[in-house]
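Q: predicted model and sequence below, questions to follow.
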Amino acid sequence: MKLDNGFLDFDPVHLAPTGSGPLDGLRFAAKDVYDIAGTVTGVGHPLYRATHAPAEHTSPVVTALLAAGAELVGKTHTDELTYSLAGQNIHYGTPPNPAVPDGIPGGSSSGSASVVAAGLVDFALGSDTGGSVRVPASYCGIYGLRPTHGLVDDRHTAHLAKSFDTLGWFARDAATLLAVGRQLLPAYTGPALRRLCPLREALTMAGENLAGQLNELTAEGFAGLSPGEPVSVGPLRAFFDAFRPAQAFEAWRYFGDWISEHRPEFGPGIRERFAAAADVTPAQAAEAREACDLLRRRVRQLVADGTVLCLPTTPTAAIALDASDAAVDEVRLRTLCMTAVAGTAGLPQLTLPLLHDERGPVGLSLIGPPGADLALLQLAARWENG
């Protein structure tokens, strides 16, 4: 089933601005992981919604945006318990992808990306653990930010794996993305961003077409960054192999008791992922966390001097809505190998709608030093302004 739009039409939410400021006149939506006092946070599953009470508090992210003059006009669909990158939900349907009408929107922040791409709101909030802002932004041809881990206040939101969860947002232009960032992000005090270096393994995984476009766009630098030589982080499969069990162990700790008690129905892929998550032992999780820590240090060393890594956000544009489960899993694996670099390192990753393949848009991503979120957003705004 394909939805008309990405909003939770069965649970309309509206909050007027509580103040006036830089976001006056802007309308936004929030993924159904953000608590809004008096409403149920359903996290993409009707049984979860039915077995939980309304939230007592509103997310401080939402509160800050309302105080800056923005208007919340609705909540948006997500994949079941946010454990997917596809954007398809067997219970509620699939939000449209305005950029690729026969393609998936990407997930798990599917509804938020969809309503932004369709022009129904000026910006929308999502969350990103393994790519859930970056992937739908890439597929829907819009801007999206996964912030530095822990930089944005994540109280009063649902989690999947708290060691990796971040709260991000989407917009159709870099100026709006930056305006939101100025309300939610602290100033950057690290080394000045100075050099742009392609990530060699990601270019190889994405293929010659996307790699060629990226190299052409960045050959002379990017928005004031000087061009640098390609750098290596080692095999990307190592990032996936470390990230996957560490994330799964935390996901089961968060949702496992509820799943065991209520036996919810899950769609393809999500069902298998939670079943596998239940089997991850504490020893395996500890080994995975140790591997993540080693990879984290490796990536952070590359950006410690103000280097910005550059790569395609995803290895392909949005795949078809009717793609086989095997095709979805194959693309998911390659995608997670690429998104797990910033996810494992806890670094900010900004995706810009600058690449494409034969099916549609593909994001170009910038990964910066920890806390460099505002600086990355300013780079994108300079690029947009020419």
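A: Arrived safely, thanks for sending.
Q: check whether Ala223 really touches Leu379, as I assumed.
A: Yes. If you go by Cβ atoms under 8 Å, Ala223 and Leu379 touch, sitting 4.4 Å apart. Placement of C-beta: from N, CA and C, glycine included.
Q: those two: which is more packed in?
A: Leu379 (24 against 20; other Cβ atoms under 10 Å).
Q: average pLDDT across the helix or strand hosting the more buried one?
A: For Leu379, the enclosing helix or strand under DSSP states H and E is helix 373-384. Helix 373-384 shows a mean pLDDT of 97 in the predicted model.
Q: kindly export it (C-alpha atoms) in PDB.
A: Output in PDB follows, covering the C-alpha atoms of helix 373-384 (Å, rounded to 0.1, in the frame of the first residue of the first chain):
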ATOM      1  CA  ASP A 373      27.800  20.300  12.600                       C
ATOM      2  CA  LEU A 374      27.200  24.100  12.200                       C
ATOM      3  CA  ALA A 375      30.400  24.500  10.200                       C
ATOM      4  CA  LEU A 376      29.200  21.800   7.800                       C
ATOM      5  CA  LEU A 377      25.800  23.500   7.500                       C
ATOM      6  CA  GLN A 378      27.600  26.800   6.700                       C
ATOM      7  CA  LEU A 379      29.600  25.100   4.000                       C
ATOM      8  CA  ALA A 380      26.400  23.800   2.400                       C
ATOM      9  CA  ALA A 381      24.900  27.300   2.500                       C
ATOM     10  CA  ARG A 382      28.000  28.800   0.900                       C
ATOM     11  CA  TRP A 383      27.800  26.100  -1.900                       C
ATOM     12  CA  GLU A 384      24.100  26.800  -2.400                       C
END
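Q: ok now that helix, how far from the chain's centre?
A: 18 Å (Cα atoms, centre = their mean, to the nearest Å).
Q: that one: which residues count as buried?
A: By neighbour count on 16 or more other Cβ atoms under 10 Å, the buried set for helix 373-384 is Asp373, Leu374, Ala375, Leu376, Leu377, Gln378, Leu379, Ala380, Ala381, Trp383.
Q: can you redo those residues as a markdown table with distance to Pro186?
A: Output for those, formatted as a markdown table (distance: Cβ to Cβ, whole Å):
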| residue | distance to Pro186 |
| --- | --- |
| Asp373 | 9 |
| Leu374 | 8 |
| Ala375 | 11 |
| Leu376 | 14 |
| Leu377 | 13 |
| Gln378 | 14 |
| Leu379 | 17 |
| Ala380 | 18 |
| Ala381 | 18 |
| Trp383 | 23 |
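Q: could you count how many residues lie near the closest residue to Pro60 other than its chain neighbours?
A: Spatially, and ignoring its direct neighbours in sequence, Pro60 is nearest to Asp153 (4.7 Å; Cβ to Cβ, 6 or more residues apart in numbering). Neighbourhood size, Asp153 [other Cβ under 10 Å]: 14.
Q: relative to Arg134, how far out is Gly234?
A: 21 Å (Cβ to Cβ, to the nearest Å).
Q: look at the two and report which has more neighbours.
A: Counted by other Cβ under 10 Å, Gly234 and Arg134 do not tie: Arg134 has more neighbours, with 30 against 12.
Q: which parts of the stretch 251-386 of the chain are strands?
A: Counting by DSSP state E, counting those that start in this stretch, the stretch 251-386 of the chain has strands at residues 307-312, 349-356, 361-367.
Q: so which of those strands is nearest Ala246?
A: Comparison of these against Ala246 by Cβ to Cβ identifies strand 349-356 as nearest, at 18.2 Å.
Q: who does that closest one pair up with?
A: Partners of strand 349-356 in the sheet, by DSSP bridges, are strand 143-146 (antiparallel), strand 361-367 (antiparallel).
Q: average model confidence for that strand?
A: 98.
Q: going forward can the numbers begin at 40, since that is how I track them
A: Shifting the count to begin at 40 puts that one at strand 388-395.
Q: not counting its neighbours along the chain, what's nearest Ala241?
A: Counting by Cβ to Cβ, 6+ apart, Ala241 lies nearest to Leu350, which is 3.6 Å off, once chain neighbours are set aside.
Q: equivalent analysis for Asn254, please.
A: The spatial neighbour of Asn254 that comes closest, neighbours along the chain excluded (Cβ to Cβ, 6+ apart), is Pro237 at 6.8 Å.
Q: that neighbour: which element?
A: Per DSSP H and E: Pro237 is located in strand 234-237.
Q: so who does the residue nearest to Ala241 touch?
A: The contact partners of Leu350, taken as Cβ atoms under 8 Å, 6 or more residues apart in numbering, are Pro237, Leu238, Ala241, Leu242, Ala245, Leu253, Met377, Val380, Leu403, Ser404, Ile406.
Q: just name the closest of the residues you listed to Phe162, please.
A: Ser404 (18.8 Å).
Q: leaving aside the residues adjacent along the chain, what's closest to that closest one?
A: Thr352 (4.4 Å).
Q: spatially nearest residue to Arg398 (excluding sequence neighbours)?
A: The shortest distance from Arg398 to any non-neighbouring residue, by Cβ to Cβ, 6+ apart, is to Ala356 (4.1 Å).
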